[in-house]
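Asks: Next comes the sequence, and after it the predicted model I'd like to discuss.
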Amino acid sequence: MSLLEQLNEKATALGVPLGAHLDITWRCNERCVHCYLDHDGKGEMATEEIKDVLRQLADCGTFFLSISGGEPLLRRDCFEILEYARALRFSVKLKTNAVMIGEAEAARIRQLGITEVQISVYSHLAEVHDAITKLPGSQRRTVEAIRRLRAHGVKVSITNVLMKQNYGNARAVKQLAEELGAEFVIDPTITPMLNGDRSVMNLGISGAQLEEVLHAEEFVGDVSEYCAPVSTVDDDVLDGYSCSAGHTLAYISPFGDVFPCVQFPMPCGNLRRQSFREIWWRSPALTELRAVRLRDLHTCSHCSHTAYCSRCPGLAYMEGDFRGPSSPDCQKSFARTGIPSAAQLRSGSSAPRTVTGLVQIQGLQ
Amino acid sequence: MSDIYISQSAEIAARTLGEETVIMSTADSTVFMLNPVGTAIWTAADGTTPLSQIVEERVCAEFEVSPEEALDDAKAFVEKLAGHGILLISDSPVSGGGSL
């Protein structure tokens, strides 16, 4: 077991929110066609409110902190917040489109000891990328910013979200990431908007395209291992839970709302009315979520994919029942193995046409 | 042998969970887990308290170990962390780790 696995096990046993994702704004200077947020900035937490939230998270044991948005650098106090977070000894990841990162910002990010900067690059072709972000010149500015960050020694991770608009560009983006000295993550995921609007999911790639991606060695490594069916379902598996959301991970919106995860918009409380500790330990929603083990899932507990499925309870929640299947993950399991999930067998939909869910694959470097 | 003083580097992320501490170097993302004895030394690393005093007050008083053995182990421990840039060692008191 790695040190990080040991750490997560310990945090689970202690009930510690080891990781937190804090969106400091939902405003953005891009208008990505697949974005799951609206961009209303009214009512955002003020600087001192955010600092108070950070103190509360540190006090509760949070170690990994993702500062995101929207575009976090649109806030004039973004670096003040980052500096405060680092003074509290968080391991900070910054998620940004990077178009506002010039030389001074890159130097400051390095100076602050930000662990990683995560940036989406949709295509190696500027016209494709810019058509997705709807910001002319954004691909050039983003790539230039990555070069600046790398020149300062900052670790950068490039995410390539796959859509109909940019399908077929992933290999070239991976090559670009290698040229830039950045990590590469491919993400064939389109997520419903947090307000429940699912229309953006029509942008997702087809089932055949997903199958192609999941069988490509440069994206998944050992294909025979990655795509091998695993049918062992024992008590250890059934006593487990789907993911860390609400167990060791929390999401906080710019307005102080607490969810289990950014992909799991189940209201748990608001930091303008309650302390984080009170929400984390006493929220009825979180208490209910934590009580659910895989054996309690009405469909997935009987599925042959249960042992290795990446089932996202947040996406299941957005489909109406967090104890139910997450259809994007059923599609992923089917694309990997060719074996329909229990939910697909029940509904007779084993050959879905559109990928709609949270699927992330760490690319090989 | 003269005493040494230890302080926490600013180039780290750290959090104490229960009696253990996780530390990550921001330079190379190396992760360390300190056991309760290591945590006791780490939390007392204020740059002004001699290591021998930390060992006496935080280690020997709390754990069953001889002062000589504890100090030898503590020196090896702090030198290891210093080698990764996690701790700063000085032969005179300092005001603490660097600022961001």
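Replies: Now that the structure is in, tell me what you want to look at.
Asks: name the element residue A:141 belongs to?
Replies: helix A:138-151 (DSSP states H and E).
Asks: buried residues in that helix?
Replies: Within helix A:138-151, the residues scored as buried using 16 or more other C-beta atoms under 10 Å in any protein chain shown are A:138, A:139, A:141, A:142, A:143, A:145, A:146, A:148, A:149, A:150. No exception for glycine: its C-beta is placed from N, CA and C like everyone else's.
Asks: Which one of those residues is nearest to chain B?
Replies: Within the buried residues of helix A:138-151, the smallest distance to chain B is 14.2 Å, found for residue A:149 (C-beta to the nearest C-beta).
Asks: neighbouring contacts of the biggest helix by length in chain B?
Replies: What stands out as the longest helix in chain B, according to DSSP state H, is helix B:67-83. The list of residues contacting helix B:67-83 from outside it, by C-beta atoms under 8 Å, 6 or more residues apart in numbering or on different chains, reads B:4, B:6, B:32, B:37-38, B:41, B:45, B:51-52, B:54-56, B:59-60, B:63, B:65, B:87-89.
Asks: Go back to the residues you listed and keep what's next to chain A.
Replies: Near chain A, taking C-beta under 8 Å from any C-beta of the partner chain as the test, the members of these found are residue B:32.
Asks: Out of the contacts of helix B:67-83, which sit inside helices?
Replies: B:37, B:38, B:41, B:51, B:52, B:54.
Asks: what's the closest non-adjacent residue to the second one?
Replies: Pointing back at residue B:38 there. The shortest distance from residue B:38 to any non-neighbouring residue, by C-beta to C-beta, 6 or more residues apart in numbering or on different chains, is to residue B:77 (6.2 Å).
Asks: Over to residue A:277?
Replies: Spatial nearest neighbour of residue A:277, excluding adjacent residues (C-beta to C-beta, 6+ apart): residue A:60 at 5.8 Å.
Asks: what's the burial count for the one you found?
Replies: Using other C-beta atoms under 10 Å in any protein chain shown, residue A:60 has 19 neighbouring residues.
Asks: Please tell me the pLDDT value assigned to the residue nearest to residue B:29 when sequence neighbours are not counted.
Replies: The spatial neighbour of residue B:29 that comes closest, neighbours along the chain excluded (C-beta to C-beta, 6+ apart), is residue A:115 at 6.2 Å. Confidence at residue A:115, expressed as pLDDT, is 96.
Asks: Likewise for residue A:188?
Replies: pLDDT recorded at residue A:188 is 87.
Asks: Let me know whether it touches residue A:159 as I believe.
Replies: No - using C-beta atoms under 8 Å, residue A:188 is not in contact with residue A:159, being 11.2 Å away.
Asks: More neighbours: which of those two?
Replies: Each of residue A:188 and residue A:159 has its neighbours counted (other C-beta under 10 Å); residue A:188 has more, 28 against 20.
Asks: can you pull the contacts of the most centrally placed residue in chain B?
Replies: A centroid search over chain B (C-alpha atoms, centre = their mean) returns residue B:42, at 3.6 Å, as the residue closest to the centre. By C-beta under 8 Å, 6+ apart, the contact set of residue B:42 is B:8, B:14, B:21, B:23, B:34, B:87.
Asks: rerun that using 10 Å as the cut-off
Replies: Taking C-beta atoms under 10 Å, 6 or more residues apart in numbering or on different chains, we find residue B:42 in contact with B:6, B:8, B:14, B:16, B:21, B:23, B:32, B:34, B:54, B:58, B:77-78, B:81, B:86-87.
Asks: what does residue A:55 give?
Replies: Contacts of residue A:55 by C-beta under 10 Å, 6+ apart are A:84, A:88, A:276.
Asks: With residue A:134 instead?
Replies: By C-beta under 10 Å, 6+ apart, the contact set of residue A:134 is A:30, A:31, A:32, A:33.
Asks: what's around the spatially closest residue to the first one that is not a sequence neighbour, how many residues?
Replies: Leaving out its chain neighbours, the residue that sits closest to residue A:30 by C-beta to C-beta, 6+ apart is residue A:133, at 4.1 Å. Here the number of neighbours of residue A:133 (other C-beta under 10 Å) works out to 22.
Asks: Local confidence estimate at residue A:133?
Replies: The model reports residue A:133 with a pLDDT of 98.
Asks: what do you get for residue A:2?
Replies: If you check residue A:2, the pLDDT there is 85.
Asks: For it, grab the count of nearby residues.
Replies: Neighbourhood size, residue A:2 [other C-beta under 10 Å]: 8.
Asks: One more: residue B:36?
Replies: Residues contacting residue B:36 under the criterion other C-beta under 10 Å number 13.
Asks: which ones are touching it?
Replies: So residue B:36 contacts B:18, B:19, B:20, B:21, B:59, B:62, B:63 (C-beta under 10 Å, 6+ apart).
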